[in-house]
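A.B. asks: starting from these lines, generate the structure:
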Amino acid sequence: MLSDPISDFLTRIRNASMAGHKLVVVPGSNLRVNMCKILHEQGYILNFKSEETDNKQAAIKIALKYDPVTKQPAIRSIQRVSRPGLRKYSGSSDLPRVINGLGIAIVSTNKGVMTDKQARSENVGGEVLCYVY
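C.D. replies: Okay, the predicted model is just below:
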């Protein structure tokens, strides 16, 4: 049993992109699917697909994105901010700007999981899950 499934999700993506893998499979959940949607919309991953495995467990297959010329991963850094031992909450006016707006912060709000820019425009705050750039 994992104590922090979000950290496990982010670590699998980080390790696969640093190793140069094209595809990574992570255990599925609604939160992870929503995080994959955000990463896909922001251009950090090529695509993702949620599937059910043989033992009725959900799995998400994520196609990682790389620069075609330099072969560098699109995700340069993916960091967990809020963790089980120390939660980080921010109001709509206090949401962090990652690399002065070049990166994104994924925030869990009462209106769902969204980027920091969307949360500022909807004037909602919440738990800052991770930084991606």
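A.B. asks: find the residue at the geometric middle of the protein.
C.D. replies: The chain has Met35 as the residue nearest its centroid, 4.6 Å off, counting by CA atoms, centre = their mean.
A.B. asks: need the mean per-residue confidence for the lengthiest helix in the chain.
C.D. replies: The residue-count maximum for a helix in the chain (DSSP state H) belongs to helix 5-19. For helix 5-19, mean pLDDT rounds to 96.
A.B. asks: quick check: closest non-adjacent residue to Leu31.
C.D. replies: Val113 (6.5 Å; CB to CB, 6 or more residues apart in numbering). Heads up, the C-betas are built off the backbone N, CA and C, glycines and all.
A.B. asks: run through who's touching whichever strand or helix holds the one you found.
C.D. replies: Assigned by DSSP states H and E, Val113 belongs to strand 112-115. Residues from elsewhere that reach strand 112-115 (CB atoms under 8 Å, 6 or more residues apart in numbering): 31, 34-35, 38, 42, 104-107, 122, 129.
A.B. asks: so which of the residues you listed wins on neighbours?
C.D. replies: Compared across the contacts of strand 112-115, Val107 has the highest neighbour count, 31 neighbours, by other CB atoms under 10 Å.
A.B. asks: quick one, helices of the chain?
C.D. replies: Using DSSP H, the helices of the chain run over 5-19, 30-41, 116-121.
A.B. asks: what angle separates the first one from helix 30-41?
C.D. replies: It refers to helix 5-19. 40 degrees (axes from the mean of the first three to the mean of the last three CA atoms, to 10 degrees).
A.B. asks: which strands and helices sit next to helix 5-19?
C.D. replies: Secondary structure elements in contact with helix 5-19, counted by 3 or more CB pairs under 8 Å, 6 or more residues apart in numbering; DSSP states H and E, are strand 23-27, helix 30-41, strand 58-64, strand 78-80, strand 126-132.
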